[in-house]
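Asker: Kindly generate the corresponding structure for this input.
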Amino acid sequence: MGGLSVQNLINVTVSLTPSGAQPLSFGILMIAGDSNVINGTQRLRTYTSLPALANDFGTTAPECLAAALYFGQSPTPSTCMVGRWLSTATAAANDGGILTSAQQTLANWQSITNGGFDITIDGVAYTLTGLNFSLQTNLNGVATVITTALSGAGSTGVCTWNGTNFVITSGTTGTGVAASGTVTFTGDGTANDTLTINGLTITLVASGATGSQINIGASATITAANLMQFLLASTNADLTVLNFSRSGAVVTITSNTVGTAGNSIAISKSSTAITLSGSDLSGGAAPSSVSAATAGSGTDISTMLALTASTYQALIPGYAAETPAACALALYNASAAWYGLMFSATASISTSESLAVSTFIEGTTSGIARVHGVTTSDTNSLSSLSSSDIGAQMQAAGYNRSLCQYSSTTPHAVASFFGRNFSINFDNSNSVIAMMYKQEPSVVAETLTPAQAQTLQAKNINVFVNYVNNTAIVQYGVMSSGQFFDVIQDTDWLQNAIQTNVYNALYTSPTKVPQTDSGVNTITNAISSACGQGVTNGTIAGGTWNGPAFGSLVTGQYLKAGYYIYAQPLAQQSEAQRAERICPPIQVAVKLAGAIATVDVLVQVNQ
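Answerer: As a prediction, the model looks like this:
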């Protein structure tokens with residue numbers, strides 16, 4: 001059908017406003033473990049079911065044992081993350097591309113009798129030739145042939161087939177070490193004594209040092225300080241390739257370059273007042289590394305292996321060992337999705353290391369707030385005489401974002417504690433909970449004496465405990481500071497809900513939010529929406545306001561809605577703030593709904 005476009009008469013343009021930012025989740029647990037499944041580059045994986053996690057880690061891995069308790073809660077949380085803790089130095093690898101079923105066909109490999117490719121491992125180039133796969137019956141055998149060839153060429157690297165792709169892994173670990181050595185002054189030194197570092201000779205003189213000279217000091221320490229001053233100030237090319245440090249009369253020399261090259265840097269002396277660590281710097285080690293494979297002589301198989309620069313999945317560098325606190329920081333930076341953190345690993349974590357994690361987590365309120373959970377089986381937790389057990393130390397530190405649970409038989413019990421809390425949907429009605437009286441499926445309940453239970457309570461240590469009425473419950477549902485877990489989680493949600501709503505009010509506005517009473521009302525409406533949802537989910541409820549007065553709110557006033565919002569009138573705002581486009585200060589009074597944990601009932605009987 002012909003004719004003119006209606007657009008010539010009626011011009012309609014449709015503009016889509018941006019979708020609002022999503023709030024953070026307060027229901028995902030991060031399990032940090034050291035199983036060699038996730039590498040340091042990938043750092044974490046996300047799972048929505050226990051079978052999927054078990055397929056990767058196996059059912060006996062610490063990460064899986066913790067996840068089983070987490071997913072075993074009722075109702076079941078939806079998501080769990082596993083992060084890699086590099087408890088020991090790790091090896092570099094070329095993680096080859098995933099092969100299709102056709103590429104995995106064994107006949108493709110059995111036809112090769114003179115395969116070859118080139119690869120560099122730990123800085124050493126290897127040319128592999130004469131690879132014969134004709135007798136191999138599976139791809140594991142193909143990998144074995146390559147490993148044998150690497151060994152024959154002098155490499156400790158290995159090739160493996162993991163069911164989907166080939167991986168070549170270095171035989172070394174870590175990020176490498178720079179060579180170093182020491183110069184120790186055992187005396188003041190004598191005029192014309194010399195010290196030669198990397199070819200530059202430094203001469204000791206009584207006074208008036210010039211050029212490559214240093215003054216002899218009144219003590220060995222002062223002479224060492226004079227040497228240090230000279231080394232740091234020098235622009236000589238022989239010295240600028242080195243780093244220097246001093247402790248007392250000992251000057252340490254370190255190569256700027258990680259690797260074995262620094263082991264050939266010579267140091268010598270002609271002085272009885274100087275002792276050297278050796279004639280050369282030493283201890284330099286190359287970083288663990290594996291390059292992309294390239295074509296070699298014979299039948300090239302680098303592409304068949306999918307280990308080339310255009311086919312591999314990733315080149316994984318070697319990583320140095322890290323502390324649990326360093327791991328917590330790495331996982332914090334890697335994802336904003338998780339809220340709770342626990343460690344479940346084969347390597348043991350000392351009390352001081354665990355406290356360092358809690359100290360880090362405590363400071364996350366300035367960014368994205370997180371919480372940390374610890375399980376302890378230390379029976380000193382039950383003793384009022386002990387102040388050295390981890391629960392007592394966490395309480396002494398007053399951690400508001402870390403909690404401890406005692407379990408004599410279930411090593412990862414706190415995972416179940418997290419699982420029950422992380423099933424909450426804050427968008428639902430009456431959905432928030434308190435942990436007191438809740439269950440921990442698959443966690444063995446403790447049978448305690450009243451004195452032991454009181455000791456745990458005094459130390460703010462949680463426990464899943466038996467009662468004489470054939471029930472078992474979680475008590476006490478608290479952080480190490482004594483604050484209830486639900487207060488921390490609920491207020492973290494509320495803070496983020498308000499923040500997200502206000503952000504979206506500004507972000508999704510097609511024009512602008514004006515600095516007028518109407519504009520401020522847009523902001524307070526966004527805050528009110530978040531508080532209203534807090535009422536709906538059970539975080540907020542009506543009650544008497546006992547805090548300070550502000551706006552029209554006075555101390556002792558009953559907050560029927562459970563919250564009150566006050567914005568400073570625009571007429572009271574300074575011109576400087578208006579010029580900076582700053583919203584007038586907004587104050588919010590919130591009354592938490594709380595929860596009933598204990599009950600006293602007085603019964604009077606008259607006969």
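
Asker: can you list the domain ranges for the chain.
Answerer: 29-84+336-485, 93-173+288-316, 178-276 (automatic domain parsing).

Asker: what's in contact with stretch 577-592?
Answerer: 487, 490-491, 494, 498, 515, 519-520, 523-524, 527, 531, 534, 539-545, 547, 550-551, 553, 559, 562-570, 572-573 (Cβ atoms under 8 Å, 6 or more residues apart in numbering). (Glycine included, C-beta is placed from N, CA and C.)

Asker: buried set for it?
Answerer: Under the neighbour-count criterion of 16 or more other Cβ atoms under 10 Å, stretch 577-592 has 583-584, 588-592 buried.

Asker: one step back: now the domains of the chain in TSV, with distance to residue 282, mean pLDDT and mean neighbour count?
Answerer: Compiled in TSV, those are given as follows (distance: least, Cβ to Cβ, whole Å; pLDDT from 0 to 100; neighbours: other Cβ atoms under 10 Å):
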stretch	distance to residue 282	mean pLDDT	mean neighbour count
domain 29-84+336-485	28	97	19
domain 93-173+288-316	17	96	18
domain 178-276	6	97	17
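
Asker: Tabulate these in JSON lines, adding columns for distance to residue 325.
Answerer: Shown next, in JSON lines, are the domains of the chain (distance: least, Cβ to Cβ, whole Å):
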{"stretch": "domain 29-84+336-485", "distance to residue 325": "4"}
{"stretch": "domain 93-173+288-316", "distance to residue 325": "21"}
{"stretch": "domain 178-276", "distance to residue 325": "24"}
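
Asker: Out of the buried residues of stretch 577-592, which comes closest to residue 458?
Answerer: residue 592 (24.5 Å; Cβ to Cβ).

Asker: related to what we said a few turns ago, from the buried residues of stretch 577-592, which land in strands?
Answerer: 588-590 (DSSP state E).

Asker: from those residues, which single one is nearest residue 243?
Answerer: Relative to residue 243, the closest of these is residue 588; by Cβ to Cβ it sits at 53.2 Å.

Asker: so what's the closest one bridging to?
Answerer: residue 565 (DSSP bridges).

Asker: For residue 540, see how far away it is.
Answerer: 10 Å (Cβ to Cβ, to the nearest Å).

Asker: anything in contact with each of the two?
Answerer: Common neighbours of residue 588 and residue 540 (Cβ under 8 Å, 6+ apart) are 531, 563.

Asker: where do the helices sit along the protein?
Answerer: Taking DSSP state H as the criterion, the chain contains helices spanning 50-57, 62-71, 106-110, 139-152, 220-233, 324-334, 351-362, 390-397, 414-421, 450-458, 485-507, 517-537, 575-579.

Asker: Distance to residue 79 for those - can I get that in CSV?
Answerer: Shown next, in CSV, are the helices of the chain (distance: least, Cβ to Cβ, whole Å):
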stretch, distance to residue 79
helix 50-57, 11
helix 62-71, 10
helix 106-110, 39
helix 139-152, 34
helix 220-233, 53
helix 324-334, 15
helix 351-362, 20
helix 390-397, 27
helix 414-421, 11
helix 450-458, 31
helix 485-507, 16
helix 517-537, 19
helix 575-579, 42
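
Asker: of all those helices, which lies closest to residue 271?
Answerer: helix 220-233 (10.1 Å).

Asker: for the closest one, packing partners?
Answerer: Packed against helix 220-233 by the contact rule (3 or more Cβ pairs under 8 Å, 6 or more residues apart in numbering; DSSP states H and E) you find strand 178-185, strand 200-205, strand 213-215, strand 242-247, strand 250-258.

Asker: would you turn those strands into CSV with distance to residue 304?
Answerer: As requested, the helices and strands packed on helix 220-233 are exported to CSV (distance: least, Cβ to Cβ, whole Å):
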stretch, distance to residue 304
strand 178-185, 38
strand 200-205, 52
strand 213-215, 61
strand 242-247, 45
strand 250-258, 33
